[in-house]
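Engineer: Task: produce atomic coordinates for the following.
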Amino acid sequence: MITIIFEPELAITMEKNLFHKDFTLGILGGGQLGKMLIQEANHWNIKTFVLDKDKTMPAAQVCTQFFEGDFNNFDDVYNFGKKVDLLTIEIEHVNIEALLKLEKEQVMIHPSPKSLAIIKDKGLQKEFLLKNNLPTSSFNIFDTKEEIISAIDSGKLTYPFVQKARLSGYDGNGVAIIRNYFDHKKLLNTLSIVEPLVDIEKELSVIVARNPNEQITAFSVSEMVFRPEKNLVDMVLSPARIDSEIAKKVKEIAIETISKFEMCGLLAVEFFLTKRGEIFINEVAPRPHNSGHHTMDNCYTSQFEQHIRAISNLPLGKTTEFCPAIMINLLGEVGYKGIPYYEGVEMALKIDGISIYCYGKTSTRAYRKMGHVNILGDSVNDVIVKSRIIKDSIKIISK
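Structural biologist: Okay, here's the model as predicted:
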């Protein structure tokens, strides 16, 4: 017989808790992360409100109520926030000033506006990591493309390097790899940071969760494989193929990072493992993350449920994996634009251990994230073999 003791002090501290019929969870952003977060909230019959500019967004299809507005606009965010009991995000690029005002008026917001203000700006994020002695690569901050070229000409900046836009970068956008003079045409003319091009052995990710009671959990270390032509995640393997000591160290750093931010919710911490065995934090994201989608099928607790638990100050769930998994992003095929058609699904579903997630976006284009596939297996080699079949089978085209 199992006895479960629920500690009242862990529950959300408000008159209406998460399971009250009138409790409302508000989400800024209506993309696929919001949709999957709502689908998890629906298991507990939580009322969900969403704010986004486009009523055709994936989350609009499943939420209790959709509000058309701009999550970068002060008035839209403020007025939306007054309607909900608990406010969270599925994208960090939101209006911080409105969140700070809402926070002063006792609206519960997780992750905190303070953390979001730092994380959404890659320059402030890097400065925070250095200030808190968290391992990251060296960097310089530039305001314009001309400043970068001047630094190259004067010898203060040498090739190769990576330029990252400080604001609004996502899915490979806002990143330029500059290897030589001929790559200058790729330079972004925006506020940016510039880092040396790291000699990468593997790119890793750890998703950690923290609740207001300061309970922290970490998922297994996952390994990210990128499409070099777009610097976009192609697939994620968990557990990562790394030494156990490295895995332990990476998880410890991720836990320390969320502790330093003092934020509640999920934090995805992306790492570079260099060929010399060094570990650097690349960047962090304060929300459910592409590198955690496999947890929907191979963990006791998915990243989406864990986020809800964390922001509601509920006990965090167990993060143990049942088996190895690979997540493959389903990206729009090059040369197609328009109403999406998922080709090859029937073939893929003949394979055991396959779960297909279609995001419900109304149009496809090259490299756009349209869905993902989780692949479970008895071993890492098993899921890798299955992944090759899936990658050859499913294509997102338009008809």
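
Engineer: roughly how far apart are the one residue sitting closest to the centre of the chain and F219?
Structural biologist: Centroid-nearest residue in the chain, with CA atoms, centre = their mean: H289, separated by 2.4 Å. Note on H289: its distance to F219, by CB to CB, to the nearest Å, is 10 Å. Just so you know, the C-beta spots here come from the backbone N, C-alpha and C atoms, and that holds for glycine as well.

Engineer: which neighbours do these two share?
Structural biologist: Common neighbours of H289 and F219, using CB atoms under 8 Å, 6 or more residues apart in numbering, are 207, 303.

Engineer: where does the protein dip in pLDDT?
Structural biologist: Within the chain, the segments meeting pLDDT under 70 span 1-16.

Engineer: domain ranges for it?
Structural biologist: If you go by automatic domain parsing, the domain ranges for the chain are 8-109, 138-196, 200-398.

Engineer: now for these, which one comes closest to L124?
Structural biologist: Nearest of the domains of the chain to L124, taken as CB to CB: domain 138-196 at 7.9 Å.

Engineer: got the residue ranges for the strands in the stretch 151-300 of the chain?
Structural biologist: 161-165, 175-178, 192-196, 200-210, 216-218, 222-227, 232-238, 265-274, 279-285 (DSSP state E, counting those that start in this stretch).

Engineer: can you list these in CSV and add mean neighbour count and distance to G31?
Structural biologist: Formatted as CSV, the strands of the stretch 151-300 of the chain follow (neighbours: other CB atoms under 10 Å; distance: least, CB to CB, whole Å):
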stretch, mean neighbour count, distance to G31
strand 161-165, 20, 19
strand 175-178, 18, 19
strand 192-196, 21, 24
strand 200-210, 23, 18
strand 216-218, 18, 25
strand 222-227, 18, 19
strand 232-238, 22, 15
strand 265-274, 24, 15
strand 279-285, 20, 13
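
Engineer: and of those, who's closest to V345?
Structural biologist: Among the strands of the stretch 151-300 of the chain, strand 232-238 comes nearest to V345, with 17.6 Å by CB to CB.

Engineer: Who are the packing partners of that closest one?
Structural biologist: Here strand 232-238 touches strand 222-227, strand 325-331, helix 380-393, going by 3 or more CB pairs under 8 Å, 6 or more residues apart in numbering; DSSP states H and E.

Engineer: Can you tell me what sits against stretch 237-249?
Structural biologist: By CB under 8 Å, 6+ apart, the list of residues contacting stretch 237-249 from outside reads 202, 204, 219-223, 225, 250, 273, 277, 279, 294, 298, 321, 324-327, 380, 383-384.

Engineer: typed the wrong thing, it's stretch 298-309
Structural biologist: Contacts for stretch 298-309 (CB under 8 Å, 6+ apart): 18, 25, 36-37, 39-41, 43-44, 46, 88, 207, 209, 211, 217, 219, 238, 265-266, 287-289, 292-293, 295-296, 314-325, 374, 376.

Engineer: what do you get if the cut-off is 6 Å, keeping everything else the same?
Structural biologist: 36-37, 40-41, 207, 209, 265-266, 288, 292, 295-296, 316-323, 325, 376 (CB atoms under 6 Å, 6 or more residues apart in numbering).

Engineer: of those, buried ones?
Structural biologist: Buried members of those, scored by 16 or more other CB atoms under 10 Å, are 36-37, 40-41, 207, 209, 265-266, 288, 292, 295-296, 316-317, 319, 321, 323, 325, 376.

Engineer: For the protein, just list every one of the helices.
Structural biologist: Applying DSSP state H to the chain gives helices spanning 32-42, 74-81, 96-104, 113-119, 122-131, 145-153, 244-261, 295-298, 303-311, 345-348, 380-393.

Engineer: So which other helices or strands are in contact with the last one?
Structural biologist: Just to be clear, that refers to helix 380-393. strand 325-331, helix 345-348, strand 369-376 (3 or more CB pairs under 6 Å, 6 or more residues apart in numbering; DSSP states H and E).

Engineer: and the ones you listed, which is most packed in?
Structural biologist: Counting by mean count of other CB atoms under 10 Å, strand 325-331 has the highest mean neighbour count of those, with a mean of 25.

Engineer: how about L100, what does it touch?
Structural biologist: P113.

Engineer: Compute the distance between it and S192, please.
Structural biologist: Relative to S192, L100 is positioned 26 Å away (CB to CB).

Engineer: Kindly report the same for M347.
Structural biologist: 43 Å.

Engineer: With I279 instead?
Structural biologist: In this view, I279 and S192 are 24 Å apart by CB to CB.

Engineer: how about the nearest residue to K101, chain neighbours excluded?
Structural biologist: Y78 (6.1 Å; CB to CB, 6 or more residues apart in numbering).

Engineer: So that neighbour sits against A98, correct?
Structural biologist: Yes - using CB atoms under 6 Å, Y78 is in contact with A98, at 4.2 Å.

Engineer: which of the two has more neighbours?
Structural biologist: Neighbour totals were compared for Y78 and A98, and A98 leads with 22 against 17 (other CB atoms under 10 Å).

Engineer: and that one, what does it touch?
Structural biologist: 74, 77-78 are the contacts of A98 under CB under 6 Å, 6+ apart.
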